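Asks: fold the following for me, if possible:
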Amino acid sequence: QVQLVESGGGLVQAGGSLRLACAASGSIKAINAMGWYRQAPGKQRELVATITSGTSPNYADSVKGRFTISRDNAKNTVYLQMNSLKPEDTAVYYCNLDYTTYGIRRDYWGQGTQVTVSS
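Replies: Okay, the predicted model is just below:
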């Protein structure tokens, strides 16, 4: 069993910053990747940023230069530092865990955290 605990969402004015965190725990043998996705009302879920051990982080073009993803391997936690936020960043942000347990690669989603950017 795997748990993902997300935190850090909220309401912020345009130009402001927020930091999201997602802590993974449970039956995880190895973490292949962790990342953040978002879903705005009426839109499909989209990739924001992902991070994999040994490779450079991957960002959506819309957040490059404003968002930074990082990971604390000791804590199985991924962070998303969001700066220069825009109203179009408003969405529910979901943490994603790509992990291996008992030799099987699996995928798990957090419950989501709301980010609202006011103009």
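Asks: helix, strand, or coil at Ser53?
Replies: Judged by DSSP: H, G, I helix; E, B strand; the rest coil, the three-state class of Ser53 is coil.
Asks: separation between the residue nearest to the spatial centre of the chain and Gly54?
Replies: Nearest residue to the geometric centre of the chain (Cα atoms, centre = their mean): Trp36, 2.4 Å. Computed with Cβ to Cβ, to the nearest Å, the distance linking Trp36 and Gly54 is 19 Å. Using the backbone N, CA and C atoms, a C-beta is placed for each residue, glycine as well.
Asks: ok, Gly16 next?
Replies: Gly16 is 33 Å from Gly54, by Cβ to Cβ.
Asks: repeat for Ser7
Replies: Going from Ser7 to Gly54 by Cβ to Cβ gives 27 Å.
Asks: more neighbours, the two?
Replies: A count of neighbours by other Cβ atoms under 10 Å puts Ser7 above the other of Ser7 and Gly54, at 14 against 4.
Asks: for that one, which non-adjacent residue is spatially closest?
Replies: Distance criterion Cβ to Cβ, 6 or more residues apart in numbering; nearest residue to Ser7, sequence neighbours excluded, is Ala21 at 5.1 Å.
Asks: so what's the residue lying closest to Arg45 once chain neighbours are set aside up against?
Replies: Spatial nearest neighbour of Arg45, chain neighbours left out: Gln39 (4.2 Å); criterion: Cβ to Cβ, 6+ apart. Gln39 makes contacts with 45-46, 91-92, 94, 112, as judged by Cβ atoms under 8 Å, 6 or more residues apart in numbering.
Asks: ok, Arg106 next?
Replies: 2, 98-100.
Asks: hmm, 10 Å instead?
Replies: Contacts for Arg106 (Cβ atoms under 10 Å, 6 or more residues apart in numbering) come out as 2, 27-28, 32, 97-100.
Asks: follow-up on the earlier one: shouldn't the residue nearest to the centre of the chain be within a helix?
Replies: No. Trp36 sits outside any helix when classified using three-state DSSP, being strand.
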